[in-house]
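# for reference, the sequence and a predicted model appear below.
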Amino acid sequence: MGDNGQVTGPERESRSLEEIEGARWPAPPADVTRLVAEVHALRRRPISVLSPEDLRLLIGQNVGLPHLLPRAFELLHADPLVEGDLYEGDLLSTVLTRDRAAWAGVPQAARALRLLLSTTHDIPPGLQGEVDGFLALTTDQ
């Protein structure tokens, strides 16, 4: 475990959000949207097997952020414009638009993402505003 009590590294990666958080969500009702059903299912998968699209969905719904933002950074570090199912850079866009409280919970990931962004020169114009917003939001982290 990390200094703040969070499950870190390989231990985090091999476990699901349900296992890490110690909270099993009840089965969703039969008439829920595909998104809600998918979020419930993804919480039961080990973090290590979550795809960029899986991470985009969960992070976009603000689910498991302290555990998923570091994993998303790992993928973004390998390819800042990694694509889920929407468009090139969709995971980056989703990560960049989380609020200040989400990033305050993972300051090392915030610093690492700031550094990555400062050395990435091929940010599409459509994402530049989100990059600038993230950099402004996390200036003191």
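Received it, and whenever you're ready, just let me know what you need.

# what's the average pLDDT for the one helix or strand Ala101 maps to?
Using DSSP states H and E, Ala101 maps to helix 100-104. In this model, helix 100-104 has a mean pLDDT of 89.

# same deal with stretch 74-84?
Mean predicted confidence for stretch 74-84 is 93.

# could you list the buried residues of the helix or strand following the helix holding Ala101?
Counting by DSSP H and E, the next helix or strand C-terminal to helix 100-104 is helix 107-119. In terms of neighbour count (16 or more other Cβ atoms under 10 Å), helix 107-119 has its buried residues at Ala109, Ala110, Ala112, Leu113, Arg114, Leu117. From N, CA and C alone the C-beta is placed, and that goes for glycine too.

# tell me the one of those residues nearest Ala23?
Ala23 has its nearest neighbour among those in Ala109, at 21.9 Å by Cβ to Cβ.

# tell me the confidence at that closest one?
90.

# so it makes contact with Pro70?
Yes: the criterion here is Cβ atoms under 8 Å, and Ala109 meets it with Pro70 at 4.7 Å.

# circling back: next, the buried residues of the helix holding Ala101.
For helix 100-104, a neighbour-count test (16+ other Cβ under 10 Å) marks Ala102, Trp103 as buried.

# and that helix, how far from the chain's centre?
Distance, stretch centre to chain centre, for helix 100-104: 12 Å (Cα atoms, centre = their mean, to the nearest Å).

# do the same with stretch 17-34
Averaging C-alpha positions (Cα atoms, centre = their mean) puts stretch 17-34 18 Å from its chain's average.
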